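S.K.: Sequence and predicted structure, then a few things I'm wondering about:
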Amino acid sequence: MAQLTLRNLCKSFGRAEIIHGIDLDIAKGEFVVFVGPSGCGKSTLLRLIAGLEEISSGELLFDGEKVNDLPPKERGIAMVFQSYALYPHMSVFDNMAFGLKLAKSDSGTIRERVEEAARLLELEPLLNRKPRELSGGQRQRVAIGRAIVRNPRVFLFDEPLSNLDAALRGQTRVEIARLHERMPDTTMVYVTHDQIEAMTLADRIVVLRAGRVEQVGAPMELYLKPATRFVAEFIGTPAMNILPAEVTAEGGLRPKGGAALPLRAPAKAEGLGLGVRPEDLHIAEEGEPALYEGRVTLVERLGESQLVHVEIGHEVPLVVKLARTVPARRGETLRVAAPVDAFHLFGADGQALDIRPQ
Amino acid sequence: MKQSTGRTLTISARRRRAAALFLAPMLLVLVLVAGWPLLRTLWFGFTDASLGDLAGARWIGFSNYLEWLSYGEGDGEWVGLLVDGEWWRAVWNTLVFTFITVSVETALGLVVAMVLNVRFPLRGLVRAAVLIPWAIPTVVSAKMWAWMLNDQFGIINDIGLKLGLISSPVAWIASADTAMVAVMLVDIWKSTPFMALLILAGLQMIPEDIYEAAKIDGVNPLVTFWRVTLPLAAPAIMVAVIFRALDALRVFDIIYVLTPNNAETRTMSVFVQENLFQFDQFAYGSAASTLLFLVIAFITLGYIRAARLNLG
Ligand SMILES: Nc1ncnc2c1ncn2[C@@H]1O[C@H](COP(=O)(O)OP(=O)(O)OP(=O)(O)O)[C@@H](O)[C@H]1O
Ligand SMILES: [Mg+2]
């Protein structure tokens, strides 16, 4: 129920600056996901919003009001921790009710709110158990329940699913999505390094890199139009192939060792990289010009598809994602092609450049 | 249908047998070093043994504990340990000593442990320094305190006089009013670090993120202490208390060095030692020793039961 504004937010631990000036606006009711490699500062940023870490400089606004110096409880937030952080000596009911009890809510209201949350999360039969008598998934639901009961303005999640097994993770992910639908006014900020969670849950994804915002955008926007080479490689599995590019005599572009593309080269031609996603590559048909021709060094069968590694004379092989029915065997030679509009172009500084047809 | 013969053992039976095998040497040692002396003491308590003639000890039944001493013509009196005022005085002293020192040590230990659990520069050094009183042998520290508390040359009286806290030197150890207090102070000084260390271990088991969850729940620090820290540290505190209580119930060295031959501070162990080796009442001392064992066992079992009820 709050609109968040981060203005030039910085955080240092001692002399090490971890968060370097983050500017971000989060709309009321928006579901924003922070992603980035390990150690980039996702948790730290979330803890700054929560009030668990002190902001070194910059401003944090909730609904236009500066909250830098407010303790967590006055910010109206709730947080779900990766480790659940349940009180081990309290029952499920008391875990959820603890905050309310101390806030001197009357016991009827408390019971009502806890039971409603329990119903929502199917925790009703477990209310009298201690956390140690619950499975990991149930514990995580209790942690989410404790957050719901607080009726927060902002819901914060720090990798809430990373301790669950794959099946349970999928299930709980759907539950969180449903939770957001049911609480459309509650702003949610979610930290993860799981791409699927980021893509499926987010209204907008914030890609962080070493304490800076690399790109902000809707999930498909990041997938289709990565602003930098870093985002291109980070979003999407398997990662985008990035090929060093050369300028042809006619002023066109050619990935190193491959066929020329009908694309105009930019003015500054050094250090260019051409990106193409594995799923945008296919086997060239008879008569279709091939981008590359190379030997298959590895086939990873994923079930519904297969990842074919093709040796093209670079340090890393070209990864091609093919339907499971396409015959591909190690040692074979494959001719691979891609539509021109599937390519991304990156300058030496890692920024994306416009693709211009010749 | 599968038939189970006598030779095929279930896994749990086999485990039990392996456990028994591993435990056997330890149990044997325990029987030798603990069981045997205990039985011997128990036996001597029912004899007329004297230090000079242990072999010639004769069975005299319960006479050491309780006996009707007849003066003839229906006149007489009950004698024996169970009606010995000095013994019951020693039991009382022991209980008072134990209750007060263990209570104060627990409270102080908790405070020290909480301070040592906070991150600050040189924490490792401070943690080690705090242990010094515990590391000094009791006899040495008792002697040291005896000098500090000395009525004529002691630094305590000197400081007290210079600060105007006392008007004339106090014979802390010798005077009946202050002897017990002095002894308890020295024990608290010595044992609080041990308590703090055991409790610190318990505090460190509490994960950091629970405190963060409490912050988000808006729980103020005092309530967090009572409702989160204390319940979670309680098992460790209970164990620490029982360790200390067992020590305190057997207290001997501090009192023997600091206040010998003093009825105000004579504890069960001191009473036993005096009878066994100083007053040549070996059998009587053995009987007292047996009672001491029973008193401690009784208190310990009661405490464990109460603690278990409390902890659920
Ligand atoms: N209390 C702290 N004191 C000093 N440095 C810290 C502290 N907390 C985090 N850091 C540092 O800040 C950086 C960012 O940490 P953070 O936990 O935010 O990373 P993250 O993006 O959440 O990583 P992960 O995906 O592994 O959880 C790391 O380099 C970490 O070492
Ligand atoms: Mg993290």
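M.R.: Looks like it arrived, so ask away. Ligands and ions are numbered 1, 2, ... in the order given.
S.K.: Excluding chain neighbours, what is closest to A:Ala259?
M.R.: Nearest residue to A:Ala259 in three dimensions, chain neighbours excluded: A:Leu291, at 5.4 Å (C-beta to C-beta, 6 or more residues apart in numbering or on different chains). Glycine gets a C-beta too; all of them are placed from N, C-alpha and C.
S.K.: looking at the sheet around A:Thr228, what are its partners?
M.R.: A:Gln351 (DSSP bridges).
S.K.: Could I get the pLDDT score of the residue in the stretch 251-358 of chain A that ligand 1 sits nearest to?
M.R.: Closest residue of the stretch 251-358 of chain A to ligand 1, C-beta to the nearest ligand atom: A:Gly350 (19.9 Å). We have a pLDDT of 93 for A:Gly350.
S.K.: and it, how many neighbours does it have?
M.R.: The number of residues packed near A:Gly350 is 16, by other C-beta atoms under 10 Å in any protein chain shown.
S.K.: if we can go back for a sec, which residues are in contact with the residue nearest to A:Ala259?
M.R.: A:Pro255, A:Gly258, A:Ala259, A:Leu261, A:Leu281, A:Ala284, A:Val336, A:Ala337, A:Ala338 (C-beta atoms under 8 Å, 6 or more residues apart in numbering or on different chains).
S.K.: contacting residues around residue 130?
M.R.: Defaulting to chain A. A:Pro88, A:His89, A:Met90, A:Ser91, A:Val92.
S.K.: not what I meant, chain B
M.R.: B:Val112, B:Leu116, B:Pro193, B:Ala196, B:Leu197.
S.K.: Tell me which other helices or strands the longest helix belonging to chain B touches.
M.R.: Criterion DSSP state H: the longest helix present in chain B is helix B:85-117. For helix B:85-117, the packing partners by 3 or more C-beta pairs under 8 Å, 6 or more residues apart in numbering or on different chains; DSSP states H and E come out as helix B:123-130, helix B:179-204, helix B:230-249, helix B:268-273, helix B:282-311.
S.K.: which residue packs closest to the residue of the stretch 101-250 of chain A found nearest chain B, ignoring adjacent ones?
M.R.: Nearest residue of the stretch 101-250 of chain A to chain B (C-beta to the nearest C-beta) works out as A:Leu102 at 5.6 Å. Excluding its sequence neighbours, the residue lying closest to A:Leu102 (C-beta to C-beta, 6+ apart) is B:Val219, at 5.6 Å.
S.K.: For that neighbour, report the pLDDT, please.
M.R.: Value listed for B:Val219 in the pLDDT field: 90.
S.K.: likewise B:Arg266?
M.R.: 92.
S.K.: Please report how far the residue nearest to B:Trp87 when sequence neighbours are not counted lies from chain A.
M.R.: Nearest non-adjacent residue to B:Trp87, counting by C-beta to C-beta, 6+ apart: B:Leu81, 5.4 Å away. Per C-beta to the nearest C-beta, to the nearest Å, B:Leu81 is found 45 Å from chain A.
S.K.: on that earlier part again, the residue nearest to A:Leu102 looks like it's in a strand, true?
M.R.: No - counting by DSSP: H, G, I helix; E, B strand; the rest coil, B:Val219 is located in no strand; its state is coil.
S.K.: what's the burial count for it?
M.R.: 23.
S.K.: same check, this time on A:Pro244
M.R.: 13.
S.K.: pretty sure it contacts A:Lys256?
M.R.: Yes - assessed by C-beta atoms under 8 Å, A:Pro244 is found in contact with A:Lys256 at 4.6 Å.
S.K.: which residues are common contacts for these two?
M.R.: A:His314.
S.K.: coming back round to it: quick check: of the contacts of A:Lys130, which has the highest neighbour count?
M.R.: Ranking the contacts of A:Lys130 using other C-beta under 10 Å puts A:Val92 first, with 27 neighbours.
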